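Q: Sequence first, then the predicted structure:
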Amino acid sequence: MEIQQNDDTIKGMFYVEKEGLIMAEMTYVWVGKGKIIIDHTEVGESLKGMGAGKQMVSKAVDFARENKIKILPLCPFAKSVFDKVPEFKDVL
């Protein structure tokens, strides 16, 4: 499963695309230059139970580390992943 990213410096998303359709997405907005807020995660039926949501959160963590920014997970799903994975806490 390939997690892709689209970012326009105001908002962005991590997503899974299949045959031109977005099958899963996690959206975020920028707060200044040093923080993103994850505000929504949605996974389509065909990917449920396959770890797509967690993989998108992991990709966001990688992005935050590479760009030396922080993440505020307002989305309940993303927050639950951060609560369960202590290795991700460095970007909070």
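A: It's in. Numbers count the residues shown, from 1 in each chain.

Q: for the longest strand along the chain, which positions count as buried?
A: For the chain, the strand that runs over the most residues, judged by DSSP state E, is strand 21-31. For strand 21-31, the buried set under the neighbour-count rule, 16 or more other Cβ atoms under 10 Å, comprises Met23, Ala24, Glu25, Met26, Thr27, Tyr28, Trp30. From N, CA and C alone the C-beta is placed, and that goes for glycine too.

Q: Make a markdown table out of those residues and add pLDDT and distance to Gln5.
A: Output for the buried residues of strand 21-31, formatted as a markdown table (pLDDT from 0 to 100; distance: Cβ to Cβ, whole Å):
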| residue | pLDDT | distance to Gln5 |
| --- | --- | --- |
| Met23 | 97 | 15 |
| Ala24 | 98 | 13 |
| Glu25 | 98 | 11 |
| Met26 | 98 | 10 |
| Thr27 | 98 | 11 |
| Tyr28 | 98 | 10 |
| Trp30 | 98 | 13 |
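
Q: out of those residues, which one sits closest to Asp90?
A: Checking these against Asp90 with Cβ to Cβ, the nearest one is Tyr28 at 17.6 Å.

Q: List the contacts of the residue in the chain sticking out farthest from the centre.
A: Taking Cα atoms, centre = their mean, the residue of the chain most remote from its mean C-alpha position is Glu19, at 21.0 Å. Applying Cβ atoms under 8 Å, 6 or more residues apart in numbering, one finds that Glu19 lies in contact with no residue.

Q: any idea how far it is from Met13?
A: Between Glu19 and Met13 the distance is 18 Å, computed by Cβ to Cβ, to the nearest Å.

Q: could the buried residues of strand 21-31 go into JSON lines alongside distance to Glu45?
A: Compiled in JSON lines, the buried residues of strand 21-31 are given as follows (distance: Cβ to Cβ, whole Å):
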{"residue": "Met23", "distance to Glu45": "9"}
{"residue": "Ala24", "distance to Glu45": "10"}
{"residue": "Glu25", "distance to Glu45": "14"}
{"residue": "Met26", "distance to Glu45": "17"}
{"residue": "Thr27", "distance to Glu45": "19"}
{"residue": "Tyr28", "distance to Glu45": "23"}
{"residue": "Trp30", "distance to Glu45": "30"}
